[in-house]
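>>> Got a predicted model here, sequence first, then my questions.
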Amino acid sequence: MIDPRCLLGCLVNVLTSNGLLIPGVIGNKSRHLQTEEDPRAQVSLKNLWIDIGASSREEVLKQRIGIGSGVVFSTPFHVYENGTILGKALDNRISCAVLIETLKRLSSKLKETTVLGMFTIQEEIGAKGARVVAFDDRPEMTITLDNVPTQNPNEVRPGDVDLNRGPVVRIFDCYPALAFGMFTHPLIKDRLLEVAIKEDIRCQMDVLISTYLDSSQAHLTAGGIPGGSICFPRRYSHSPVEMSHLNDIHKGSSIDF
(Lines give C-alpha, C1' and ligand atoms only; values in the text may rest on other atoms or scores of the structure.)
Protein backbone atom coordinates (compact mmCIF):
# COMPACT_ATOMS: atom_id res chain seq x y z
CA MET A 1 0.00 0.00 0.00
CA ILE A 2 1.05 3.59 -0.66
CA ASP A 3 0.44 6.42 1.78
CA PRO A 4 -1.78 8.84 -0.20
CA ARG A 5 -0.19 11.84 1.56
CA CYS A 6 3.06 11.36 -0.37
CA LEU A 7 1.36 11.31 -3.77
CA LEU A 8 0.25 14.92 -4.18
CA GLY A 9 2.24 16.65 -6.89
CA CYS A 10 4.20 13.52 -7.87
CA LEU A 11 5.47 13.10 -11.41
CA VAL A 12 4.35 9.75 -12.84
CA ASN A 13 4.28 7.86 -16.12
CA VAL A 14 1.08 6.33 -17.48
CA LEU A 15 1.56 3.11 -19.49
CA THR A 16 -0.31 3.09 -22.79
CA SER A 17 -1.64 -0.04 -24.46
CA ASN A 18 1.12 0.16 -27.08
CA GLY A 19 3.93 0.36 -24.55
CA LEU A 20 4.60 4.08 -24.40
CA LEU A 21 5.07 6.16 -21.25
CA ILE A 22 3.01 9.34 -21.01
CA PRO A 23 4.17 11.75 -18.27
CA GLY A 24 1.58 13.10 -15.89
CA VAL A 25 1.26 14.73 -12.50
CA ILE A 26 -0.91 13.66 -9.59
CA GLY A 27 -2.84 16.87 -9.24
CA ASN A 28 -3.43 19.00 -6.18
CA LYS A 29 -5.36 22.23 -5.85
CA SER A 30 -3.04 25.20 -6.33
CA ARG A 31 -1.94 26.54 -2.93
CA HIS A 32 -3.16 30.03 -3.79
CA LEU A 33 -6.69 28.71 -4.24
CA GLN A 34 -6.86 26.51 -1.15
CA THR A 35 -9.01 27.37 1.83
CA GLU A 36 -7.73 27.19 5.39
CA GLU A 37 -9.36 23.76 5.74
CA ASP A 38 -7.85 22.22 2.59
CA PRO A 39 -4.31 21.52 3.94
CA ARG A 40 -5.81 19.78 6.99
CA ALA A 41 -8.16 17.56 5.01
CA GLN A 42 -7.42 13.84 4.80
CA VAL A 43 -5.93 12.75 1.48
CA SER A 44 -7.94 9.96 -0.12
CA LEU A 45 -7.01 7.87 -3.15
CA LYS A 46 -10.58 8.32 -4.35
CA ASN A 47 -10.04 12.08 -4.69
CA LEU A 48 -6.73 11.96 -6.56
CA TRP A 49 -6.33 12.30 -10.31
CA ILE A 50 -3.53 12.21 -12.89
CA ASP A 51 -3.26 15.18 -15.24
CA ILE A 52 -1.58 14.41 -18.58
CA GLY A 53 -2.40 17.81 -20.07
CA ALA A 54 -5.34 16.51 -22.09
CA SER A 55 -8.42 18.66 -22.60
CA SER A 56 -10.94 15.93 -23.41
CA ARG A 57 -11.76 12.25 -22.96
CA GLU A 58 -11.19 11.72 -26.67
CA GLU A 59 -7.67 13.11 -26.40
CA VAL A 60 -6.88 10.67 -23.60
CA LEU A 61 -8.27 7.69 -25.51
CA LYS A 62 -6.35 8.73 -28.62
CA GLN A 63 -3.13 8.27 -26.63
CA ARG A 64 -4.28 4.70 -25.89
CA ILE A 65 -4.88 5.33 -22.21
CA GLY A 66 -7.96 3.79 -20.66
CA ILE A 67 -9.41 2.24 -17.53
CA GLY A 68 -6.82 -0.11 -16.04
CA SER A 69 -3.77 1.56 -17.60
CA GLY A 70 -0.72 1.14 -15.40
CA VAL A 71 0.96 4.02 -13.60
CA VAL A 72 4.55 4.15 -12.32
CA PHE A 73 6.54 6.79 -10.50
CA SER A 74 8.93 8.85 -12.65
CA THR A 75 11.81 9.02 -10.19
CA PRO A 76 15.44 9.28 -11.39
CA PHE A 77 18.01 6.87 -10.00
CA HIS A 78 21.01 8.30 -8.15
CA VAL A 79 24.12 6.88 -6.48
CA TYR A 80 25.80 9.03 -3.82
CA GLU A 81 29.58 8.99 -3.33
CA ASN A 82 29.18 7.14 -0.02
CA GLY A 83 27.28 4.25 -1.62
CA THR A 84 23.75 5.34 -0.70
CA ILE A 85 21.33 4.86 -3.58
CA LEU A 86 18.05 6.62 -4.28
CA GLY A 87 15.30 5.72 -6.73
CA LYS A 88 11.86 4.28 -7.31
CA ALA A 89 10.75 0.74 -6.57
CA LEU A 90 13.96 -0.31 -4.82
CA ASP A 91 11.48 -2.63 -3.16
CA ASN A 92 11.92 -4.96 -4.89
CA ARG A 93 14.30 -4.09 -7.72
CA ILE A 94 17.19 -4.60 -5.30
CA SER A 95 16.31 -8.25 -4.82
CA CYS A 96 15.91 -8.79 -8.56
CA ALA A 97 19.41 -7.38 -9.14
CA VAL A 98 20.87 -9.56 -6.37
CA LEU A 99 19.15 -12.67 -7.71
CA ILE A 100 20.37 -12.07 -11.26
CA GLU A 101 23.94 -11.52 -10.06
CA THR A 102 23.75 -14.61 -7.85
CA LEU A 103 22.58 -16.83 -10.70
CA LYS A 104 25.40 -15.53 -12.90
CA ARG A 105 28.02 -16.35 -10.30
CA LEU A 106 26.60 -19.78 -9.47
CA SER A 107 26.04 -20.92 -13.06
CA SER A 108 29.56 -22.31 -13.54
CA LYS A 109 29.86 -23.79 -10.05
CA LEU A 110 26.72 -25.88 -9.65
CA LYS A 111 27.06 -29.56 -10.57
CA GLU A 112 24.52 -31.69 -8.75
CA THR A 113 22.34 -28.92 -7.35
CA THR A 114 19.60 -27.08 -9.20
CA VAL A 115 18.93 -23.48 -8.23
CA LEU A 116 15.79 -21.81 -9.55
CA GLY A 117 15.48 -18.02 -9.61
CA MET A 118 11.84 -17.09 -9.16
CA PHE A 119 10.77 -13.55 -10.04
CA THR A 120 7.27 -13.32 -8.61
CA ILE A 121 4.36 -10.89 -8.82
CA GLN A 122 1.47 -9.79 -6.59
CA GLU A 123 3.34 -10.21 -3.32
CA GLU A 124 1.60 -7.16 -1.87
CA ILE A 125 -1.85 -8.64 -2.40
CA GLY A 126 -1.31 -12.10 -0.99
CA ALA A 127 2.02 -13.48 -2.27
CA LYS A 128 0.06 -15.06 -5.11
CA GLY A 129 2.92 -15.41 -7.57
CA ALA A 130 5.15 -17.15 -5.05
CA ARG A 131 2.38 -19.58 -4.19
CA VAL A 132 1.99 -20.57 -7.83
CA VAL A 133 5.68 -21.06 -8.66
CA ALA A 134 6.34 -22.92 -5.41
CA PHE A 135 3.53 -25.35 -6.17
CA ASP A 136 4.63 -25.75 -9.78
CA ASP A 137 8.36 -26.35 -9.09
CA ARG A 138 8.20 -27.94 -5.61
CA PRO A 139 11.68 -26.85 -4.43
CA GLU A 140 13.26 -28.56 -1.43
CA MET A 141 13.76 -25.18 0.24
CA THR A 142 13.39 -21.48 -0.52
CA ILE A 143 15.32 -18.31 0.26
CA THR A 144 13.17 -15.23 -0.20
CA LEU A 145 14.91 -11.97 -1.12
CA ASP A 146 13.05 -8.81 -0.15
CA ASN A 147 13.42 -5.42 1.51
CA VAL A 148 12.94 -4.38 5.11
CA PRO A 149 11.81 -0.91 6.24
CA THR A 150 14.02 1.24 8.43
CA GLN A 151 13.27 4.16 10.70
CA ASN A 152 13.93 7.72 9.56
CA PRO A 153 17.53 8.82 10.31
CA ASN A 154 16.54 10.90 13.34
CA GLU A 155 14.57 8.01 14.87
CA VAL A 156 17.05 5.12 14.58
CA ARG A 157 17.91 3.56 17.94
CA PRO A 158 20.80 1.22 18.83
CA GLY A 159 19.88 -2.25 17.66
CA ASP A 160 17.42 -1.08 15.01
CA VAL A 161 17.79 -2.24 11.44
CA ASP A 162 19.39 0.57 9.44
CA LEU A 163 21.17 1.31 6.17
CA ASN A 164 24.85 0.37 5.82
CA ARG A 165 24.71 -2.19 8.61
CA GLY A 166 24.46 -5.22 6.35
CA PRO A 167 21.70 -7.43 4.93
CA VAL A 168 19.05 -8.73 7.32
CA VAL A 169 18.37 -12.36 8.20
CA ARG A 170 14.66 -12.49 9.01
CA ILE A 171 13.79 -14.59 12.08
CA PHE A 172 10.02 -14.20 12.04
CA ASP A 173 7.41 -11.99 10.45
CA CYS A 174 3.65 -11.74 10.68
CA TYR A 175 0.83 -9.67 9.24
CA PRO A 176 -1.98 -10.24 11.76
CA ALA A 177 -4.80 -8.92 9.56
CA LEU A 178 -4.25 -11.75 7.07
CA ALA A 179 -2.55 -14.23 9.40
CA PHE A 180 0.36 -14.29 6.93
CA GLY A 181 3.92 -14.80 8.09
CA MET A 182 6.66 -17.35 8.68
CA PHE A 183 9.26 -18.57 11.14
CA THR A 184 12.55 -19.01 9.30
CA HIS A 185 13.55 -22.67 9.46
CA PRO A 186 16.19 -22.95 12.23
CA LEU A 187 18.68 -24.86 10.06
CA ILE A 188 18.39 -22.27 7.27
CA LYS A 189 18.81 -19.40 9.72
CA ASP A 190 21.88 -21.02 11.29
CA ARG A 191 23.43 -21.68 7.88
CA LEU A 192 22.89 -18.10 6.72
CA LEU A 193 24.55 -16.73 9.85
CA GLU A 194 27.37 -19.28 9.57
CA VAL A 195 28.13 -18.19 6.00
CA ALA A 196 27.99 -14.52 7.01
CA ILE A 197 30.66 -15.14 9.67
CA LYS A 198 32.79 -17.25 7.33
CA GLU A 199 32.68 -14.68 4.51
CA ASP A 200 33.06 -11.71 6.85
CA ILE A 201 29.67 -10.28 5.88
CA ARG A 202 28.25 -7.94 8.47
CA CYS A 203 24.56 -8.73 8.82
CA GLN A 204 21.54 -7.90 10.94
CA MET A 205 18.62 -9.92 12.27
CA ASP A 206 15.03 -8.87 12.75
CA VAL A 207 11.52 -9.80 13.83
CA LEU A 208 8.76 -7.74 12.24
CA ILE A 209 5.11 -7.85 13.26
CA SER A 210 3.69 -5.71 10.48
CA THR A 211 4.50 -7.43 7.22
CA TYR A 212 4.87 -10.69 5.33
CA LEU A 213 7.01 -11.89 2.43
CA ASP A 214 6.59 -14.34 -0.43
CA SER A 215 7.88 -16.96 2.00
CA SER A 216 4.61 -16.71 3.94
CA GLN A 217 2.79 -18.64 1.21
CA ALA A 218 5.64 -20.60 -0.38
CA HIS A 219 6.33 -22.48 2.85
CA LEU A 220 2.71 -23.68 3.05
CA THR A 221 2.75 -25.13 -0.47
CA ALA A 222 2.75 -28.80 -1.48
CA GLY A 223 2.96 -30.30 1.99
CA GLY A 224 5.30 -27.63 3.33
CA ILE A 225 8.59 -26.18 2.05
CA PRO A 226 11.21 -25.00 4.58
CA GLY A 227 12.23 -21.41 3.94
CA GLY A 228 14.24 -18.43 5.03
CA SER A 229 14.62 -14.79 4.06
CA ILE A 230 17.39 -12.30 3.36
CA CYS A 231 16.21 -8.69 3.36
CA PHE A 232 17.87 -5.46 2.28
CA PRO A 233 17.26 -2.32 4.37
CA ARG A 234 15.57 0.65 2.70
CA ARG A 235 14.03 3.90 3.87
CA TYR A 236 10.79 5.53 2.79
CA SER A 237 9.12 2.29 1.76
CA HIS A 238 6.16 2.40 -0.61
CA SER A 239 6.77 6.01 -1.56
CA PRO A 240 7.81 7.74 -4.80
CA VAL A 241 11.45 7.81 -3.63
CA GLU A 242 13.14 4.98 -1.73
CA MET A 243 16.69 4.89 -0.35
CA SER A 244 19.12 2.05 0.29
CA HIS A 245 22.87 1.38 0.44
CA LEU A 246 25.18 -0.64 -1.80
CA ASN A 247 27.11 -2.00 1.19
CA ASP A 248 23.97 -3.85 2.28
CA ILE A 249 23.51 -5.32 -1.17
CA HIS A 250 26.93 -6.68 -2.02
CA LYS A 251 29.68 -6.05 0.53
CA GLY A 252 30.27 -2.55 -0.77
CA SER A 253 30.71 -3.56 -4.41
CA SER A 254 28.64 -1.78 -7.03
CA ILE A 255 25.94 -3.69 -8.90
CA ASP A 256 24.75 -2.24 -12.18
CA PHE A 257 21.02 -1.55 -11.92
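All right, it came through fine.
>>> hey, let's count contacts and neighbours off CA atoms from now on
OK.
>>> Residue 232: what secondary structure?
Classification of residue 232 using DSSP: H, G, I helix; E, B strand; the rest coil returns strand.
>>> who's it bridged to?
Listed beta-bridge partners, residue 232: residue 147 (assigned using DSSP bridges).
>>> can you count the residues close to it?
32 (other C-alpha atoms under 10 Å).
>>> who's in contact with stretch 82-94?
Residues from elsewhere that reach stretch 82-94 (C-alpha atoms under 8 Å, 6 or more residues apart in numbering): 73-79, 146-147, 232, 234, 237-247, 249, 252.
>>> Among those, which ones are in helices?
246-247, 249 (DSSP state H).
>>> Turn these into a markdown table, including distance to residue 197, pLDDT and neighbour count.
Output for those, formatted as a markdown table (distance: C-alpha to C-alpha, whole Å; pLDDT from 0 to 100; neighbours: other C-alpha atoms under 10 Å):
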| residue | distance to residue 197 | pLDDT | neighbour count |
| --- | --- | --- | --- |
| 246 | 19 | 95 | 22 |
| 247 | 16 | 94 | 21 |
| 249 | 16 | 93 | 21 |
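>>> Between those residues, which sits nearest residue 107?
residue 249 (19.8 Å; C-alpha to C-alpha).
>>> Show me which of the contacts of stretch 82-94 are buried.
73-75, 146-147, 232, 234, 237-247, 249 (16 or more other C-alpha atoms under 10 Å).
>>> Can you identify each of the strands in the stretch 1-150 of the chain by residue range?
11-15, 21-26, 50-51, 71-73, 78-79, 84-87, 142-149 (DSSP state E, counting those that start in this stretch).
>>> what's the domain layout of the chain?
With domains defined by automatic domain parsing, the chain comprises 4-73, 78-250.
>>> Please report the distance of the nearest residue to residue 210 once chain neighbours are set aside from residue 45.
Of all residues not flanking residue 210 in the chain, residue 175 sits nearest, at 5.0 Å (C-alpha to C-alpha, 6 or more residues apart in numbering). Residue 175 sits 23 Å away from residue 45, going by C-alpha to C-alpha, to the nearest Å.
>>> Looking at those two now, which is surrounded by more residues?
residue 175 (16 against 12).
>>> For that one, list each beta-bridge partner.
With DSSP bridges as the rule, residue 175 is bridged to residue 180.
>>> surely it meets residue 216?
No: using C-alpha atoms under 8 Å as the test, residue 175 is too far from residue 216 to be in contact (9.6 Å).
>>> Common neighbours of these two, please.
By C-alpha under 8 Å, 6+ apart, the residues touching both residue 175 and residue 216 are residue 181.
>>> sec struct for residue 192, please.
Residue 192 - assigned by three-state DSSP - is helix.
>>> can you tell me which residues contact it?
So residue 192 contacts residue 169 (C-alpha under 8 Å, 6+ apart).
>>> tally of neighbours for residue 170?
Neighbour tally, residue 170, other C-alpha under 10 Å: 21.
>>> for it, what are its contacts?
Contacts of residue 170 by C-alpha under 8 Å, 6+ apart are 184, 205-207, 228-231.
>>> in which helix or strand would I find it?
strand 168-175 (DSSP states H and E).
>>> what angle separates that strand from strand 142-149?
80 degrees (axes from the mean of the first three to the mean of the last three C-alpha atoms, to 10 degrees).
>>> Turn the strands of the stretch 1-150 of the chain into TSV, including distance to residue 127 and mean pLDDT.
Shown next, in TSV, are the strands of the stretch 1-150 of the chain (distance: least, C-alpha to C-alpha, whole Å; pLDDT from 0 to 100):
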stretch	distance to residue 127	mean pLDDT
strand 11-15	24	97
strand 21-26	27	97
strand 50-51	28	96
strand 71-73	20	96
strand 78-79	29	96
strand 84-87	24	97
strand 142-149	11	95
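>>> Turn those into a markdown table, including distance to residue 107.
Shown next, in a markdown table, are those (distance: least, C-alpha to C-alpha, whole Å):
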| stretch | distance to residue 107 |
| --- | --- |
| strand 11-15 | 35 |
| strand 21-26 | 35 |
| strand 50-51 | 44 |
| strand 71-73 | 33 |
| strand 78-79 | 29 |
| strand 84-87 | 28 |
| strand 142-149 | 17 |
